[in-house]
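> Show me how the following folds:
(one chain, ligands or ions: 1)
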Amino acid sequence: MNDDVDLAALDFWARPPEDRLAAFARLRALGKPVFFKEQRIPFVRARRGFHALVRHADVVHASRNAKIFSSEPAATSPEPPAWIVLLLGRPMVNMDDPRHARLRRIVARAFTPRRLSQIDEHIAKTAATIVDDVIGGGSGDFVADVAARLPIKVICAMMGVPEHHHVKVAACVDAMTEYSGVRGDVARLRTLRLLAGNLKAIVALHRLVARLGRERRRSPGDDLISALVNADVDGERLSVRELGAFFDLLLVAGNETTRNTIAHGLKLFTDHPDQRALLLADYDRRIAGAIEEIVRYVSPIIQFQRTLTCDYEMNGQSYRKGDKVVLFYLAANRDEEVFADPDTFDITRTPNPHVGFGGPGPHLCLGAHLARRELTAIFRELFTRLPGIRASGEPELLLSNFDNGIKRLPYNT
Ligand code: HEM
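Numbering: from 1, shown residues only. As a prediction, this is how the structure comes out:
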């Protein structure tokens, strides 16, 4: 590309969000994916680089054609080294069908509309308690006081993790996700420090779930850990490692994403009072569209990657077997060929075929309906009981090319 855009460099991800979006608009205008070289990161698999898919059509095509655009060896980057996979197992997001489909069927039982409506009451109560705690507080950090609290409690309740472990689980998830910022030219020392913290957190979570798994095998309950340890996959039981990999996936996939969406949501409704007024004029009718628009506008997950299983041509561009492509959801969600005025935040946008929950295909977000229910509940509590709540400053953003994360957001009520 004819300017200084390097998606593989951490510097790029430190730029202001508007700069990054402008760079993605220029990449889309080129009409074909650009290849970015990557530097080696110590202790993780070497990578040559990746083709950046930035157009909606390309992201959708790659998501749909999972036999060609494989999620193995990993949909996340950097890819875990073989010894980590051996030690900690492989989450289903990094698997292709048929094994992926079999595992997904087991967890999907916890995400059916019937099961989800059973936990609606728990979600509503938790959201109400969180808002009880901030009423009268006046000001603070919205992420710590509100956004971070709901998703972890909901996932832990679904999994059947007892309340007294929640704080520890939340701390482990935070340590794990800090690693997401590491890619490209980051300093060796930082990588080592983060990798060590990451591993320690994963091992602690695996120990906890293994213990709970043993308990639930003896006396099953009505929770996801019980369902997983007693499920039959390919005629065999899930191993402790597989159970641990599941636990990490659900925690990482369901926690950070929803938390960031809640925080971005408050900022968006602060910056767009007209959209907030529109929402509050008819909350029940407009909240569903508002949530889809927040997810489109924010793209809480910036990207996932795929690996080509054969030589292939897509939209006039040739790819070789083994090539990596990165599906930049945040760029696809601003594609002017699909969305009119893509940079306008419009909660009444219809249709809204965003790919914030992933493109159509086998890996489409399993927790999307759960996330929608959590977002509906927390915004209802916030905006009806604290109508004056707003972000009182700029968010402190996470330096990451994976999570569009907010570390801190000042607010007042
Ligand atoms: C706003 C919130 C969320 C966003 C933006 C989001 C985004 C995504 C995206 C983009 C993918 C696609 C992965 C791929 O194609 O490789 C995905 C997959 C997944 N998500 Fe979510 N997610 C959210 C909430 C949740 C929640 C609450 C849970 C569960 C507690 C969850 C569980 C999963 C799982 C298990 C997968 C892997 C599915 C598979 O590989 O079959 N997500 N999510």
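
> How about the residues of the protein by the ligand?
71, 75, 92-93, 104, 155, 249-250, 253-254, 257-258, 261, 295, 300-301, 304, 329, 356-358, 363, 365-367, 370-371 (Cβ under 6 Å from any ligand atom). Where C-beta positions appear, they are placed from N, C-alpha and C, glycine not excepted.

> and stretch 148-161, how far from the chain's centre?
Chain-centre distance of stretch 148-161: 15 Å, with Cα atoms, centre = their mean, to the nearest Å.

> Can you pull out the residues in contact with it?
The list of residues contacting stretch 148-161 from outside it, by Cβ atoms under 8 Å, 6 or more residues apart in numbering, reads 110, 119, 122-123, 126-127, 130, 163, 165-166, 169-170, 173, 208-209, 212, 216, 221-226, 247, 250-251, 254-259, 262, 370-371, 374, 377-378.

> Could you tell me how far residue 317 is located from residue 58?
According to Cβ to Cβ, to the nearest Å, residue 317 stands 8 Å off from residue 58.

> Just want to know which of the two has more residues nearby.
Set residue 317 next to residue 58 and count neighbours by other Cβ atoms under 10 Å: residue 58 wins out with 25 against 14.

> I'd say residue 238 and residue 227 touch.
No: with contact defined as Cβ atoms under 8 Å, residue 238 does not count as touching residue 227 (10.1 Å).

> got any residues that touch both of those two?
What both residue 238 and residue 227 touch, as defined by Cβ under 8 Å, 6+ apart, is the set residue 106.

> Tell me which of the residues of the chain next to the ligand fall in strands.
Judged by DSSP state E, strands contain the following of the residues of the chain next to the ligand: residue 304.

> Show me which positions of whatever helix or strand residue 375 lives in end up buried.
Using DSSP states H and E, residue 375 sits in helix 368-385. Within helix 368-385, the residues scored as buried using 16 or more other Cβ atoms under 10 Å are 368, 370-383.

> average model confidence for stretch 62-78?
Averaged over stretch 62-78, pLDDT sits at 94.

> residue contacts, the closest residue to residue 243 other than its chain neighbours?
Using Cβ to Cβ, 6 or more residues apart in numbering and skipping the chain neighbours, the partner closest in space to residue 243 is residue 213 (5.2 Å). Residues counted as contacts of residue 213 (Cβ under 8 Å, 6+ apart) are 225, 228, 229, 240, 243.

> quick one, helices of the stretch 101-250 of the chain?
Taking DSSP state H, counting those that start in this stretch as the test, the helices found in the stretch 101-250 of the chain are 113-134, 142, 149-159, 166-178, 188-218, 224-229, 240-271.
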